[in-house]
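> would you be able to build a 3D model of this:
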Amino acid sequence: MSSTAENLKERVRAFWQANPCGTKFADAEPGTRAFYERVEEHRYAKEWHIREAAGFSGARGQKVLEIGCGLGTDGAQFAQAGADYTGVDLTDAAVELARKRFELFNLPGSFRVADAENLDFQENSFDMVYSHGVLHHTPDTSGAVREIHRVLKPGGRAVVMLYHRDSYNYRVNIRLLRRAGAHLLKWEAGLKLVHRLTNEPVESLREHARRIKADSENYLAPGEFLNQNTDGAGNPLARVYSREDARKLFSQFDSVELKTYFLNKRWLPLIGTFLPRSMESKLAAHWGWHLWIYAKK
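Below you'll find the model as predicted:
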């Protein structure tokens, strides 16, 4: 790996070490039962499609590896369904919190710190590899997909979610609405207006404003703007993928099926609040932010 890629990966590691995915969605002490319960409640209320899309209930008796276990929220669903579950993450913070969750709720599973691009497992080890919203944050996503293929058993399945390039969130929200809103953040009145329109926390908007004022040209550059406007200010790396990109990425697999989910009604000004779930699902099937890849080895 080049020194540039290694430096980027260390920045990715540092960001997620400081901001374990999901912790901001619970107002309870991290590591407590209440914390995990609130994180889970928020996750499956906001992203209600995950249970169906991930297929937790069909994993009974299977050896499942999750790459990017986070707080162990999805991992707990696999364990409860009867899977032989292993979770890995790039950060100690996530592994410690996920392990604690399993201990508190008396769930079977194992965890370790690992790099998605260099998995410490033998070939043909797992029936299923699952990764939700993780591989678009690693420098060598193609290398990570090759590792998934290597550790899967023949006939095994990869279930992976990546950010969708041809989504409403990327094409309209990030590239147009958020970019326009970024200019408003330079002024206090504009910041308050953005807060009222989006309900995004003021402290988060202030961090974006600080970065814009410090280096507006870099912040507004297309790649960097995407980084900063997916998983929070300071996020060093995020990518988006079209359906064609995804098929090329998983071309070594025998079969690939693609689906899109998650419109996130909060990103739809005015009408989002009133949009019924049935219509949300239809729109998300075309323009959803989450591109799910189902690939069979």
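> count the residues that sit near the residue nearest to Q17 when sequence neighbours are not counted.
Leaving aside its sequence neighbours, Q17 sits nearest to T91 (C-beta to C-beta, 6 or more residues apart in numbering; 4.4 Å). Placement of C-beta: from N, CA and C, glycine included. If you count neighbours by other C-beta atoms under 10 Å, T91 ends up with 22.
> wait, what's in contact with T91?
T91 makes contacts with R13, W16, Q17, P20, V113, as judged by C-beta atoms under 8 Å, 6 or more residues apart in numbering.
> redo that, cut-off 7 Å
R13, W16, Q17, P20 (C-beta atoms under 7 Å, 6 or more residues apart in numbering).
> and what of R33?
Contacts of R33 (C-beta under 7 Å, 6+ apart): L104.
> list the buried residues in the host helix or strand of E96.
Here E96 sits within helix 92-104, counting by DSSP states H and E. Across helix 92-104, burial judged by 16 or more other C-beta atoms under 10 Å covers A93, A94, V95, E96, L97, A98, R99, K100, R101, F102.
> how about stretch 174-185?
I174, L177, R178, G181, A182, L184, L185.
> same check on stretch 182-201?
Buried, per 16+ other C-beta under 10 Å, within stretch 182-201: A182, L184, L185, G190, L191, V194, H195, T198, E200.
> so which elements touch the helix holding E96?
Under the contact criterion of 3 or more C-beta pairs under 7 Å, 6 or more residues apart in numbering; DSSP states H and E, helix 92-104 touches helix 3-18, helix 33-46, helix 73-80, strand 110-113.
> pick the most buried one from these.
Neighbour counts (mean count of other C-beta atoms under 10 Å) averaged over each of these peak at helix 73-80, with a mean of 22.
> that one - what's its average pLDDT?
On average, the pLDDT along helix 73-80 is 98.
> just list what that helix packs against, helices and strands only.
Contacts defined by 3+ C-beta pairs under 7 Å, 6+ apart place helix 73-80 against helix 33-46, strand 63-67, strand 84-89, helix 92-104.
> could I get these as TSV with mean pLDDT and distance to A158?
Formatted as TSV, those follow (pLDDT from 0 to 100; distance: least, C-beta to C-beta, whole Å):
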stretch	mean pLDDT	distance to A158
helix 33-46	95	21
strand 63-67	98	10
strand 84-89	98	15
helix 92-104	97	20
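> to Y130, which of those lies closest?
Closest approach to Y130 among those (C-beta to C-beta): strand 63-67, 4.8 Å.
> okay, angle between the helix or strand hosting D127 and helix 73-80 too, please.
Using DSSP H and E, D127 sits in strand 126-132. Counting by axes from the mean of the first three to the mean of the last three C-alpha atoms, to 10 degrees, strand 126-132 lies at 150 degrees to helix 73-80.
> elements contacting strand 126-132?
If contacts are counted by 3+ C-beta pairs under 7 Å, 6+ apart, strand 126-132 sits against strand 63-67, helix 141-151, strand 152-163.
> pairing partners for it, with directions?
Applying DSSP bridges, strand 126-132 is found paired with strand 63-67 (parallel), strand 152-163 (parallel).
> can you tell me what sits against that strand?
Applying C-beta under 7 Å, 6+ apart, the set of residues contacting strand 126-132 from outside is 54, 59, 62-68, 74, 148, 151-153, 156-161.
> likewise for stretch 204-216?
A182, L185, K186, L191, V194, H195, Y219, Q228, G232, A233.
> from the residues you listed, pick the one nearest G133.
G232 (13.0 Å).
> helix, strand, or coil at that closest one?
Here G232 is coil, with the state taken from DSSP: H, G, I helix; E, B strand; the rest coil.
> against A295, how distant is it?
29 Å (C-beta to C-beta, to the nearest Å).
> more neighbours: the two, which one.
Each of G232 and A295 has its neighbours counted (other C-beta under 10 Å); A295 has more, 26 against 15.
> just checking, the more buried one is part of a helix?
No: going by three-state DSSP, the assignment for A295 is strand, not a helix.
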